[in-house]
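Student: everything below, folded, please.
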Amino acid sequence: MMPLNFAILKLFTNGQEACPDNVIDALRPVYGDFKALNKADVLTALMTAESNGLLEESRFELDESGDVRVFFRANADGIATINKYIR
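Tutor: The predicted structure is shown next:
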């Protein structure tokens, strides 16, 4: 099993966008027992990947509670970089 942060990045190599809730839902079957698989830590991982040029914010929307939901995606260069270092 790869580290959680690697698994988070690999989710974005399909070219689709995702928000922290989508990431948690996708990784819960394998990483459900990890303490860092929560909204705050996943958002931090996504924002770190964005600041490192691997991901970009794609859109924002309000969820049912009125909180802002941020979506991220990897562009072609980000996907190539992720795939180069995480197999």
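Student: Ile37 belongs to a helix, doesn't it?
Tutor: If you look again at residue 37, you'll see it is Leu, not Ile. No - checked against DSSP: H, G, I helix; E, B strand; the rest coil, Leu37 lies outside a helix; its state is coil.
Student: who are the neighbours in contact with it?
Tutor: By CB atoms under 8 Å, 6 or more residues apart in numbering, Leu37 lies in contact with 4, 24, 27-28, 31. From N, CA and C alone the C-beta is placed, and that goes for glycine too.
Student: now for Ala80, how many residues are close by?
Tutor: Look at Ala80: counted by other CB atoms under 10 Å, it has 12 neighbours.
Student: should've said Leu4
Tutor: Look at Leu4: counted by other CB under 10 Å, it has 19 neighbours.
Student: for it, what are its contacts?
Tutor: Going by CB under 8 Å, 6+ apart, Leu4 touches 27, 31, 34, 36-37, 45.
Student: could you save those as a markdown table and add columns showing distance to Ile79 and pLDDT?
Tutor: Shown next, in a markdown table, are the contacts of Leu4 (distance: CB to CB, whole Å; pLDDT from 0 to 100):
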| residue | distance to Ile79 | pLDDT |
| --- | --- | --- |
| Leu27 | 18 | 98 |
| Tyr31 | 21 | 98 |
| Phe34 | 24 | 97 |
| Ala36 | 23 | 96 |
| Leu37 | 23 | 98 |
| Ala45 | 17 | 98 |
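Student: mind listing the helices for this protein?
Tutor: Counting by DSSP state H, the chain has helices at residues 4-11, 20-31, 39-51, 76-85.
Student: find me the pLDDT at Lys35, would you?
Tutor: Looking at Lys35, its pLDDT is 97.
Student: skipping adjacent residues, who's closest to it in space?
Tutor: Nearest non-adjacent residue to Lys35, counting by CB to CB, 6 or more residues apart in numbering: Asp41, 8.0 Å away.
Student: same deal with Ala74?
Tutor: Among residues not flanking Ala74 along the chain, Phe12 sits closest, at 4.0 Å (CB to CB, 6+ apart).
Student: what sits against the one you found?
Tutor: Applying CB under 8 Å, 6+ apart to Phe12 gives the contacts 18, 54-55, 72-74, 78-79, 82.
Student: no more questions from me, cheers.
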